[in-house]
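> dropping a prediction and its sequence here:
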Amino acid sequence: MSVVPPSGTPSGTPAGAARPGRLGVGVIGAGRVGAVLGSALRSVGHAVVGASGVSDDSRERIETLLPGVENLEIPEVVERAELVLLAVPDDALADLVAGLAEVGAWQGGQIVVHTSGRYGTGVLAPAQRAGAIPLAIHPAMTFTGTSLDLARLTGCTFAVTGPGAVLPIGQALVVEVGGEPVVVGEADRGLYHAALAHGSNHLVVLVAQAAQALEAAGIERPGRVLAPLLGAALDGATRSADVRDGVGPGAVSALTGPVSRGDAGTVSTHLEALGDLAARTGATDVPDSYTELARGATRRALASHRIDDAAARALLDVLDEPRKEQE
């Protein structure tokens with residue numbers, strides 16, 4: 001039961017004919033991720049032999065993204081599939097895998113892939129004991145659960161975790177759908193996922209906070225104001241983050257604004273304005289976030305020699321004033 005990367009039609013295979021290594025895929029959890037990845041695997045020649053979805057949204061995704069695929073009970077999906085794609089919430093994954101093991105659903109040689117960023121393959125141990133091949137494959141992307149996601153898979157990074165002997169299977173599956181596989185160790189999955197959640201989820205919170213402040217300042221369309229500024233900042237920071245010469249400051253090299261200039265007076269003005277916003281609206285999270293992130297920016301700017309010791313002390317003194325007032 002091999003999987004081959006999509007390196008073109010093998011010599012001697014007629015165009016349009018099934019390539020070797022095609023698998024029968026069962027999708028458990030036809031949510032935003034499962035239905036899209038099932039569709040992507042189907043588009044490169046794998047056969048989706050069944051999917052499970054309970055909610056109205058899941059049933060609609062099966063009909064839209066996996067037309068003609070039967071919506072089945074979970075054990076029947078597992079029974080039919082050579083590759084089982086588990087795209088269920090993190091907290092449901094362990095119980096699902098163990099429950100299927102208890103009823104003898106897993107099959108020897110069956111590939112079992114989950115898409116959770118939090119877990120490695122340890123959570124698949126009950127399936128592995130039954131002879132299944134465990135893989136953890138997590139796409140570092142936000143999904144809408146629509147066909148728009150299919151194009152976004154191209155160039156998307158996927159974290160692949162699994163026993164060394166079967167890592168090539170996971171890597172090949174990622175390459176087939178247009179992604180770029182990156183091997184993440186079992187013990188590193190928690191840190192990997194925390195990094196992604198910190199970056200993406202908290203970026204959304206920052207945008208929400210900035211938009212609220214702009215609205216309070218009379219800006220009717222804050223998203224339109226923020227888009228070019230945040231887009232340029234994000235592009236510069238992510239590009240700089242890949243610098244690995246051992247000398248460069250990485251993403252912090254893209255830092256602009258008062259902290260990067262050591263402008264403690266401006267930071268003090270910001271804190272006063274945001275404190276007033278919090279008093280008027282109850283949005284106490286906004287000045288709190290500004291303060292903590294400005295502290296982090298100050299420390300990183302100092303470490304990368306963007307500012308000197310005196311400027312860093314002045315900034316940190318200003319940032320500590322609200323805390324001292326509360327005490």
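Sure thing, it's come through. Numbers count the residues shown, from 1 in each chain.

> now do the residue nearest in space to the middle of the chain, the pLDDT please.
Most central in the chain under CA atoms, centre = their mean is residue 140, positioned 3.5 Å from the mean C-alpha point. At residue 140, the model reports a pLDDT of 96.

> any idea what sits nearest it, other than its immediate chain neighbours?
residue 157 (4.6 Å; CB to CB, 6 or more residues apart in numbering). For every residue, glycine as well, the C-beta is placed using N, CA and C.

> how close does residue 298 get to residue 308?
12 Å (CB to CB, to the nearest Å).

> tell me which of those two has more neighbours.
Neighbour comparison, residue 298 and residue 308: the larger count goes to residue 298, with 25 against 11 (by other CB atoms under 10 Å).

> check which helix or strand covers that one.
helix 285-303 (DSSP states H and E).

> and that helix, how far out from the chain middle?
In terms of CA atoms, centre = their mean, to the nearest Å, the centre of helix 285-303 is set 24 Å apart from its chain centre.

> what of stretch 312-320?
34 Å.

> residues in contact with that stretch?
259, 262, 264, 267-268, 271, 291, 294-295, 298-299, 301-302, 307 (CB atoms under 8 Å, 6 or more residues apart in numbering).

> over to stretch 255-262?
Taking CB under 8 Å, 6+ apart as the rule, stretch 255-262 contacts 233, 264, 266-267, 270, 294, 297-298, 300-301, 306-308, 310-312, 314-315.

> flag the shaky bits of the protein, pLDDT-wise.
1-20, 244-248, 322-327 (pLDDT under 70).

> where do the strands sit along it?
For the chain, the strands defined by DSSP state E occupy 24-28, 47-52, 83-86, 111-114, 133-139, 157-161, 180-183.

> now, the most widely separated pair of the contacts of stretch 312-320?
The largest separation in the contacts of stretch 312-320, counting by CB to CB, is between 271 and 302 at 19.4 Å.

> and the longest helix for this protein?
helix 189-216 (DSSP state H).

> in that helix, what's buried?
Of all the residues in helix 189-216, those buried under the rule 16 or more other CB atoms under 10 Å are 189, 192-193, 196, 206, 209-214, 216.

> likewise for stretch 221-240?
222, 226, 237, 240.

> would you turn those residues into a markdown table with distance to residue 112?
Converted to a markdown table, these look like this (distance: CB to CB, whole Å):
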| residue | distance to residue 112 |
| --- | --- |
| 222 | 45 |
| 226 | 42 |
| 237 | 37 |
| 240 | 38 |
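
> which of the residues you listed fall within helices?
222, 226, 237, 240.

> quick one, what contacts residue 206?
By CB under 8 Å, 6+ apart, residue 206 lies in contact with 289, 293.

> mind running it again at 7 Å?
Going by CB atoms under 7 Å, 6 or more residues apart in numbering, residue 206 touches residue 289.

> what's the spacing between it and residue 213?
11 Å.

> and if you look at residue 191?
Counting by CB to CB, the separation of residue 191 from residue 213 is 32 Å.
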